[in-house]
Each structure stands twice: as structure tokens, then as C-alpha cells.
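>>> Predicted model and sequence below, questions to follow.
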Amino acid sequence: MGHRLAENEAREHVYGVCFKTGPPRRTGLELEWLVHDGADGRLPVRPERLEAALAPLAGPGALPAGSRLTREPGGQVELSSLPSTDLAGCVQALRADTRVLSGALALQGLVLAGDGLEPHLDPPRIAQHPRYRAMEAYLDRVGPSGRMMMRATAAVQVNLDAGDETAGVSGYRYRWQLVHRLGPVLIAAFANSPLWRGRPTGWKSTRRAVWERMDPTRTGPVTPSDDPRAAWADYALDAPLLCLRREAPEDWNAPPGLTFRDWTRGADGLRPPALDDLDYHLTTLFPPIRPRGWLELRMIDSQRGEDWAVAASVAATLMDDPVAARAAWEATEPLCPGGAAVPTPEQWSLAARLGPAEPVIGKAVRACFGAAEASLADSGAPAGLRTATARFSRRYAERGRCPADDLLEGIRG
């Protein structure tokens, strides 16, 4: 066992590892997909069939751009790109690895499904790791949303540098507030999960609604603060333990209600925490913006086709281009009532329920897309990326629509 971790040491560690400051330059992407039977997406996919499809990709060099392939508890697959200083290069690399993954699945008659929530099935948990058994037990205390999240959701995650120590648009304090202002905009613009078990749920992003209903102490936005490091440290230390690692064959279930802060102060019957316990605890926190040394944007639903590239380019451009960032700040001002720095949790929920059809949110979405398109044009971004972003904007943002509306129209039809 390592050194016993005191509360003040835990706080200092969170400060150091979660907000590594420097000029914002790099972008990384993580794409999650549901996996469907290519002949009929309403048929369950047997685990052994998925295993056979993915086996050839396990070796070194199987993915040409070096992305990391992982699996989620319900059989969802995920590709995580290498970080890149070039957004277009990051998109191109992930595109190449996605083609290889799609090809491997096709040999088994399987396809990647770009839905934020499984629209037809209620998948079982495939992963049997003690982490996931403990997670399921923990979340079952709250309700059914935990199982839905683990087994049936998929996202586009955009990873961006936290920012530097300056007070301007590249500073980590400014970027922390800006990314929270953009949260409802990105939820609404790319909402793509209106169905569950074949029926409309009343939400454009049911995936986001699922996350909201699970456990606000680990899935809600971090409380606004002028000191993001302190706000995140309090969030992390005050979150209950989701699991507690033990030697086999013991389970990993944690004592109900025990926060990490409590653990550092001493808990009857438990060993004291060590530094690696804190690092592991941080991986069990899932706010829509998670600081991990960089900023991990987790609020965007998985997208059909290659619209994930649009989501990535819009999010990264509004954060990293100074002109677009200022325009996004101004566009999101109406989402911050009473002069608040960031939107309220109610605004996040409204974005998930109504998407850009909500007038105030829709106006912010249109303004942010306009700023992103202008920046992409000025920066000389590849024509394909500019065209895809403009096409998405014309089809959805400018019309107060989102991808979820296509699915709903299909059901009505």
C-alpha cells in the first residue's frame, strides 16, 4: 500500500493533475457507438459475434492512426484518438481508424450505429469486471437510469487543453466558464436520442436526461466558481465512492454514502486511502465537463455517419479560436439569467428536452454555428470540414432542428 492520503494532500493532488495549464493547442476525440445487426437493428447482437469481429483489431498497428479501441459495459465500442495540434488532422486520423473498425464489423454482419441511446433494445450488461458490477449496484439504488447509461448510451467526446494562466480567452478560468456556457448549446444542436424501446421519450436528448437522473453528485455540472481548481476538488472529494478496489474474489461494492473526503478522515473497517485510490476515484466521476489535465466535453450525443466531425469542429473552434470564443460568450449570455457566469442546471435540462426548438437556446445555437463557420473559413480549414459544418447548420441549426427530429419524423411516418 502507498502513503496514507490526508485530505489536504488529496486536494493538492486534484489541483495539480486535473488542470494542467498551458496554451490551448491540442484536440483529442473519443467516439462511442452502439453496435447493431446489419440486417435488422432491432435484433440483439450476441457477445461472441462482437468478440469475433473485434479480435483482429487487438494487435499492434491494426488501427493505422493509432487510436485506442475499448468496449463499454453494454457492448458499445469506442475509439480514442491520439491528441493532435491540428483539428483537421485529428478528424482525418480518426476517420481512417473508423473505416477499419467498420470493415471489421462488416465481416460479421455488424454495423456502427450513431445513436445517443439504443432506440429499440434494452441491452444486457456484457462486461463482468468488478468495477461494472459495483457501478451497477451503486446506481441501482437511485433508479433504472444507471443501467440505461451503462448499457445503452453512446457519445462524442471532445478533449481540449484546459488553458493557460492568463486572464484572457486562452486562460483556464475563462475557458472553464465558456465551456459550461456552451454545454446547453452543444446538447441542443446535436441531440440525437429521442427514442427508447421504439417509442418517443419526450426528450430530444434522452441520453442527457438519463445522465441527469442518475446521481447529481457525480454526473451534474460542477458548481460555478471563480476558482475552477477549488470547485473541482470539492466536487471530487464530496462525491460518494462508486466502488472500492479489493483483491479477488471480494466484490468492489463501496459503503453507501461514503465520500472520498470521509474516507480520508477515517472510516471504520476500511483501510486508509492512497494516492492511486484518489486517481481511480476521479475516473468514476462523470460531469458533462470533466477536467483530466485537459477538458473532456461529455455532453454530445453520438452522431450518425460522419456528423461527429461537425460536432468536434464546432466545439473545438468555439473554444480555441479567440474571435469565435468571444462570439460564443456573447451568444450564450441569454442562457445565464440574472448575470450568472454560466447557465443553470435547468437550462441544461431544457436543451436536452427541446433542443434548438426552444427559442432562446435555438438563437444561441444559430449564433454559435455562425461564429464557428466564419472561423473555419478564416482559418483555411479543409473544404470538406467546412462544407459538412455548413450543411449540418442549414439542415438543423438554422431551422431550429436537431438530428433527433429526423428519428421522430421516421417514427411518425
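On my side now, so go ahead.
>>> Which of the helices or strands spans the residue nearest to residue 184 when sequence neighbours are not counted?
Spatial nearest neighbour of residue 184, chain neighbours left out: residue 351 (3.7 Å); criterion: C-beta to C-beta, 6 or more residues apart in numbering. The C-beta positions use only the backbone N, C-alpha and C, and glycine is treated the same way. Assigned by DSSP states H and E, residue 351 belongs to helix 345-354.
>>> Likewise for residue 79?
Per DSSP H and E, residue 79 falls inside strand 77-80.
>>> elements contacting that strand?
Other elements packing on strand 77-80 under the criterion 3 or more C-beta pairs under 8 Å, 6 or more residues apart in numbering; DSSP states H and E are strand 27-37, strand 68-71, helix 87-106.
>>> same thing but 6 Å
Applying 3 or more C-beta pairs under 6 Å, 6 or more residues apart in numbering; DSSP states H and E, we find strand 77-80 packed against strand 27-37, strand 68-71.
>>> ok, back up a step: tell me which residues are up against the helix holding residue 351.
184, 187, 188, 203, 205, 208, 209, 335, 358, 361 (C-beta atoms under 6 Å, 6 or more residues apart in numbering).
>>> Repeat that for stretch 243-251.
Contacts for stretch 243-251 (C-beta under 6 Å, 6+ apart): 131, 134, 252, 254.
>>> Same check on stretch 89-105?
Looking at what lies outside stretch 89-105 - C-beta under 6 Å, 6+ apart - the contacts are 27, 29, 53, 56-57, 63-65, 67, 79, 81, 84, 112, 309.
>>> try 8 Å this time
Contacts to stretch 89-105, defined as C-beta atoms under 8 Å, 6 or more residues apart in numbering, come from residues 27-29, 31, 35, 53-54, 56-57, 62-67, 69, 77, 79, 81-84, 111-112, 306, 309, 312-313, 385.
>>> Same question for stretch 167-182.
Contacts for stretch 167-182 (C-beta under 8 Å, 6+ apart): 19, 21, 23-24, 160, 162-165, 221-222, 224, 226-228, 289, 291, 295, 297, 315, 318-319, 322, 325-326, 328-329, 332, 335-336, 341-343, 368.
>>> are any of these buried, and which?
For the contacts of stretch 167-182, a burial check counting by 16 or more other C-beta atoms under 10 Å picks out 19, 21, 24, 160, 162-164, 221-222, 224, 228, 289, 291, 295, 297, 315, 318-319, 325, 328-329, 332, 335-336, 342-343, 368.
>>> so where's the chain uncertain?
Scanning the chain with the threshold set as pLDDT under 70 gives 1-3, 413.
>>> quick one: the strands in it?
27-37, 68-71, 77-80, 110-113, 155-161, 195-196, 199-200, 289-291, 294-301 (DSSP state E).
>>> who does the last one pair up with?
The reference is to strand 294-301. strand 155-161 (antiparallel), strand 289-291 (antiparallel) (DSSP bridges).
>>> got the angle between that strand and strand 27-37?
30 degrees (axes from the mean of the first three to the mean of the last three C-alpha atoms, to 10 degrees).
>>> List the contacts of strand 294-301.
Outside strand 294-301, the residues touching it (C-beta under 8 Å, 6+ apart) are 20, 26, 28, 115-117, 154-162, 175-176, 179, 183, 186-187, 190-193, 205, 207-208, 286-290, 311, 315, 319, 348, 403.
>>> What residues does residue 70 make contact with?
Contact partners of residue 70, counting by C-beta under 8 Å, 6+ apart, are 77, 78, 80.
>>> of these, closest to residue 5?
Using C-beta to C-beta, residue 80 is the member of the contacts of residue 70 that lies nearest residue 5, at 28.4 Å.
>>> Roughly how far does residue 380 sit from residue 86?
12 Å (C-beta to C-beta, to the nearest Å).
>>> now swap in residue 325 and tell me
Using C-beta to C-beta, one obtains 18 Å as the distance from residue 325 to residue 86.
>>> Save the strands paired with strand 294-301 as CSV, and put in distance to residue 392 too.
Listed next are the strands paired with strand 294-301 as CSV, based on distance: least, C-beta to C-beta, whole Å:
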stretch, distance to residue 392
strand 155-161, 13
strand 289-291, 22
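>>> so which of those is the most packed in?
strand 155-161 (a mean of 25; mean count of other C-beta atoms under 10 Å).
>>> For it, list the C-alpha coordinates in PDB.
These are the backbone C-alpha positions of strand 155-161, laid out as PDB (Å, rounded to 0.1, in the frame of the first residue of the first chain):
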ATOM      1  CA  ALA A 155     -21.400   9.900 -27.100                       C
ATOM      2  CA  VAL A 156     -19.000  12.100 -29.000                       C
ATOM      3  CA  GLN A 157     -16.400  13.300 -26.500                       C
ATOM      4  CA  VAL A 158     -14.200  16.300 -27.400                       C
ATOM      5  CA  ASN A 159     -10.900  16.800 -25.500                       C
ATOM      6  CA  LEU A 160      -9.300  20.200 -25.400                       C
ATOM      7  CA  ASP A 161      -6.500  21.800 -23.400                       C
END
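>>> Please work out the angle formed by the directions of that strand and helix 87-106.
Using the same axes, to 10 degrees: strand 155-161 against helix 87-106 is 150 degrees.
>>> who's in contact with strand 155-161?
22-32, 83, 116, 175, 179, 190, 207, 292, 294-303, 308, 311-312, 315-316, 319-320.
>>> ok, of those residues, which come out buried?
Buried by 16+ other C-beta under 10 Å: 24, 26-32, 116, 175, 179, 190, 207, 294-303, 308, 311-312, 315-316, 319-320, out of those.
>>> That'll do, ta.
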